[in-house]
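>>> Give me the fold of what follows.
(2 chains)
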Protein chains: 2
Amino acid sequence: MQIAELVRRSGVPLARVKFYIREGMLPPGSATGARRAEYDESHLERLRLIRSLTTVAGLPLARAKQILDVIDHPEGSVSDMLARAIAALAAPEDPDHTTPAGTAQDYHRAAAALPALGPTYASSDAGMTAFAQLENALRAAEEAGLPVSDARLRVYGEHIAAIARLEIDNLPADPKAAVPYAVLGTAVYEPVLAALRRLAHQNLTVERHSR
Amino acid sequence: MQIAELVRRSGVPLARVKFYIREGMLPPGSATGARRAEYDESHLERLRLIRSLTTVAGLPLARAKQILDVIDHPEGSVSDMLARAIAALAAPEDPDHTTPAGTAQDYHRAAAALPALGPTYASSDAGMTAFAQLENALRAAEEAGLPVSDARLRVYGEHIAAIARLEIDNLPADPKAAVPYAVLGTAVYEPVLAALRRLAHQNLTVERHSR
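Numbers count the residues shown, from 1 in each chain, chains lettered A, B, ... in the order given. Model (predicted):
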């Protein structure tokens, strides 16, 4: 297809398509003339992926490029690739990635939470992006006067582990498919879980007070 | 205490304290002279609550005022009060509350999800803020090419219900305390749960691929 059709079918404006090509995020079409190039379904699929990463996952361009880079250069194990992809995702409370990588000592709240969280979390270390994220979330709760008790950590840890296990079990075996699934799935299912929690709160409150 | 001490102990700037008094969010001190007023611990506590609502829960001023209004005018049952408080919380994907209240028909994805979600969610209806939020989250997942299957809804529904049950069991009996707990708890524990999910993903990926 020609670039006009690629624009029409993807819904991505022409200037944006050209920009992605210049940035190396989208491969150029195959030249069929001095000023003509031919595009195929792989270009369309790639544009959809870029769009999902930037709009659905809300990643800034630089982060989206990192994810594409992981997909395009499948080096190391699937777990290495996923770790690189997950690290490129901004933590919700740290959209600019300003939290410096720290040590377990800097993250003493997260480290202290591990025993109560249970076996799934036992290998957590300060090198994991989510470890800093947990530290920040626990500190914010503490500062709001609602510190997270061990009893609460036990319940959270057990049930979130069950959810995460289902999600990892559904991970595609092919690393090229696994990376976008992991990145988009992290972003896409988080609001579903947040909505369900609020819906359960409302149902349980009604139930409790109508007894 | 005088207003200078209130400013110092709360960390809220003088202009801001005066603004909250003008807006009716903070009661004025008791006059002890033509230009002097006396403040007490209740003012300090109130300022901390306002600060938590605006910074921790991230509520815009108008929403924070609604929450304070629910606390100051405890009408109806605790469950009514909580419903009013929860409704004042912006959904993460709808910070401006632009989603109009709809009917179960408008929310066909959320309505279709209920059977798989299980008994805790059975009384959900379109009047609940979280119902619209669930619809939006399910639609976004679908548009990203990652629709939420019934098998996934069953696992999400069961485990999020267990988490929500613990949270509601910890609700203070006094409505005046229950409303801030519900509002702040919804906001404060959400990032904790999100961080745990990502941490579990990282642990499970490592575990799975090192076998």
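
>>> what's the distance between A:Ala15 and A:Ile21?
Counting by CB to CB, to the nearest Å, the separation of A:Ala15 from A:Ile21 is 11 Å. Every C-beta, even on glycine, is put in place using the N, C-alpha and C of the backbone.

>>> Buried ones in stretch A:158-178, by neighbour count?
A:158-165, A:167-168, A:171, A:175, A:178 (16 or more other CB atoms under 10 Å in any protein chain shown).

>>> how about the residue nearest to A:Arg198 when sequence neighbours are not counted, phi and psi?
Leaving aside its sequence neighbours, A:Arg198 sits nearest to B:Ala130 (CB to CB, 6 or more residues apart in numbering or on different chains; 3.7 Å). Main-chain dihedrals, B:Ala130, degrees, to the nearest 10: phi -70, psi -20.

>>> Settle it for me: which of A:Ala15 and A:Ile21 has more neighbours?
A:Ile21 (16 against 9; other CB atoms under 10 Å in any protein chain shown).

>>> hang on, the more buried one packs against A:Tyr39?
No - using CB atoms under 8 Å, A:Ile21 is not in contact with A:Tyr39, being 10.1 Å away.

>>> Spatially, which two of the buried residues of stretch A:158-178 are the most separated?
A:Glu158 and A:Pro175 (29.6 Å; CB to CB).

>>> By average pLDDT, which secondary structure element in chain A comes out worst?
helix A:78-88 (a mean of 75; mean pLDDT, DSSP states H and E).

>>> who does the longest helix along chain A touch, helix- and strand-wise?
Assignment by DSSP state H gives helix A:175-209 as the longest helix of chain A. Other helices and strands packing on helix A:175-209, by 3 or more CB pairs under 8 Å, 6 or more residues apart in numbering or on different chains; DSSP states H and E, are helix A:61-72, helix A:78-88, helix A:150-169, helix B:78-88, helix B:129-143, helix B:150-169, helix B:175-210.

>>> Name the residues of the next helix or strand after the second one that are buried.
Sequence-wise, the next helix or strand beyond helix A:78-88 is helix A:108-117, with elements assigned using DSSP states H and E. When neighbours are counted by 16+ other CB under 10 Å, the buried residues of helix A:108-117 are found to be A:109-111, A:113-114, A:116-117.

>>> gap between A:Gly58 and chain B?
In this view, A:Gly58 and chain B are 10 Å apart by CB to the nearest CB, to the nearest Å.

>>> Before we go further, that residue is sitting in a helix, right?
No - secondary structure of A:Gly58 (DSSP: H, G, I helix; E, B strand; the rest coil): coil, not part of a helix.

>>> mind listing what the closest residue to it other than its chain neighbours touches?
Excluding its sequence neighbours, the residue lying closest to A:Gly58 (CB to CB, 6+ apart) is A:Ala187, at 6.6 Å. With contact set as CB atoms under 8 Å, 6 or more residues apart in numbering or on different chains, A:Ala187 has these partners: A:56-58, A:89.

>>> Which secondary structure state is assigned to A:Leu26?
coil.

>>> Around it, count how many other residues there are.
A:Leu26 has 24 neighbouring residues, counting by other CB under 10 Å.

>>> same deal with A:Asp69?
14.

>>> Give me the residues contacting stretch A:33-40.
Residues from elsewhere that reach stretch A:33-40 (CB under 8 Å, 6+ apart): A:1-3, A:5-6, A:28-32.

>>> With stretch A:64-71 instead?
A:23-25, A:49-50, A:53-54, A:57, A:59, A:81, A:84-85, A:88, A:176, A:179-180, A:183.

>>> Quick one: neighbours of the residue nearest to A:Arg109 when sequence neighbours are not counted, just the number.
The shortest distance from A:Arg109 to any non-neighbouring residue, by CB to CB, 6+ apart, is to A:Leu138 (4.1 Å). Close neighbours of A:Leu138, defined as other CB under 10 Å, add up to 23.

>>> Check the one 5 residues further on too.
Applying other CB under 10 Å, we find 14 residues neighbouring A:Glu143.

>>> just A:Glu75 next, same as before
For A:Glu75, the neighbour count with other CB under 10 Å is 9.

>>> A:Gly145 too?
When neighbours are counted by other CB under 10 Å, A:Gly145 comes out with 14.

>>> ok, it - contacts?
B:48, B:52, B:184.

>>> Same check on A:Gln2?
A:36-39.

>>> What's the per-residue pLDDT of it here?
You'll see A:Gln2 listed with a pLDDT of 92.

>>> Please tell me how far it sits from A:Arg8.
Taking CB to CB, one finds A:Gln2 at 10 Å from A:Arg8.

>>> can you check A:Thr129 too?
Taking CB to CB, one finds A:Thr129 at 38 Å from A:Arg8.

>>> tell me the angle of the least confident helix or strand of chain A relative to helix A:61-72?
170 degrees (axes from the mean of the first three to the mean of the last three CA atoms, to 10 degrees).

>>> Next, the buried residues of stretch A:123-142.
For stretch A:123-142, using 16+ other CB under 10 Å, the buried residues are A:124, A:126, A:128-138, A:140-141.

>>> pLDDT weak spots in chain A?
The model of chain A has pLDDT under 70 over residues A:90-105, A:209-211.

>>> now do 80
A:55-59, A:74-105, A:127, A:174-176, A:206-211 (pLDDT under 80).

>>> What is the neighbour count of the closest residue to A:Ala182 other than its chain neighbours?
Once flanking residues are discounted, A:Ala182 sits nearest to A:Leu82: 5.3 Å by CB to CB, 6+ apart. Burial measure for A:Leu82: 27 neighbouring residues, criterion other CB under 10 Å.

>>> ok, now which ones touch A:Leu82?
So A:Leu82 contacts A:178-179, A:182, B:201-202, B:205 (CB under 8 Å, 6+ apart).

>>> can you rerun that using 7 Å?
A:178-179, A:182, B:205 (CB atoms under 7 Å, 6 or more residues apart in numbering or on different chains).

>>> Identify the farthest-apart pair in these.
Farthest pair in the contacts of A:Leu82 (CB to CB) is A:Val179 and B:Thr205. Separation: 11.3 Å.

>>> Please render the contacts of A:Gly145 as JSON lines that adds distance to A:Leu68 and neighbour count to the earlier fields.
As requested, those are exported to JSON lines (distance: CB to CB, whole Å; neighbours: other CB atoms under 10 Å in any protein chain shown):
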{"residue": "B:Arg48", "distance to A:Leu68": "45", "neighbour count": "16"}
{"residue": "B:Ser52", "distance to A:Leu68": "40", "neighbour count": "21"}
{"residue": "B:Leu184", "distance to A:Leu68": "39", "neighbour count": "20"}
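
>>> Nothing else from me, thank you.
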